[in-house]
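1. Quick one, what's the 3D model for this:
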Amino acid sequence: MFCKAINTAKQAKPSRHRLFHNPQNAEDTMMKINMAHVKERSTTGTWINFAVFDAKATNGDNDSLLAQLTAAARHAGLRVDQSALAYKVGAGIRFFGSPHLVNYLSAAGLPRWTHKLDA
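-> Presented below is the predicted three-dimensional model:
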């Protein structure tokens with residue numbers, strides 16, 4: 001299942017503004033997504049690796065988009081225990097994803113982008 005995404009970061013080429021809009025043309029479907037890969041201690045003391053992606057599904061299917069980006073991050077060799085999307089709504093940032101991670105991000109704020117993911 002494919003879905004479209006909006007990358008909320010500034011884009012170098014306007015022609016690359018859509019994700020997965022035409023699976024036949026791989027060059028147009030690839031774009032760089034800002035991503036933060038962070039390792040933090042959980043409330044139980046264990047380490048959790050999480051990923052936050054700078055993207056939002058244009059078709060409203062954030063579940064599929066998050067699954068696709070999480071799989072791409074894992075395929076790139078990153079360990080991801082929990083993941084979330086981060087995107088602008090009005091003047092604020094909204095998070096979508098793993099409930100515990102969304103609660104953490106809502107309190108702690110958006111982490112710095114550490115990677116650019118080809119998706």
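
2. Surely residue 73 is in contact with residue 80?
-> Yes. The pair residue 73 and residue 80 passes the contact test of Cβ atoms under 8 Å, sitting 5.3 Å apart. Yep, even glycine has a C-beta here, placed from its N, CA and C like the rest.

3. which of these two has more neighbours?
-> residue 73 (22 against 19; other Cβ atoms under 10 Å).

4. Shouldn't that one be within a helix?
-> Yes. Under DSSP: H, G, I helix; E, B strand; the rest coil, residue 73 sits within a helix.

5. middle-most residue in the chain, spatially?
-> Taking Cα atoms, centre = their mean, the centroid of the chain lies closest to residue 53, which sits 2.0 Å from it.

6. Quick check: that one touching residue 115?
-> No. The pair residue 53 / residue 115 is not scored as a contact, 9.9 Å apart, by Cβ under 8 Å.

7. what is in contact with the two at once?
-> Shared contacts of residue 53 and residue 115, defined by Cβ atoms under 8 Å, 6 or more residues apart in numbering, comprise 34-35, 73.

8. can those go into JSON lines with extra columns for distance to residue 58 and pLDDT?
-> Below are these laid out as JSON lines (distance: Cβ to Cβ, whole Å; pLDDT from 0 to 100):
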{"residue": "34", "distance to residue 58": "17", "pLDDT": "97"}
{"residue": "35", "distance to residue 58": "19", "pLDDT": "97"}
{"residue": "73", "distance to residue 58": "20", "pLDDT": "96"}
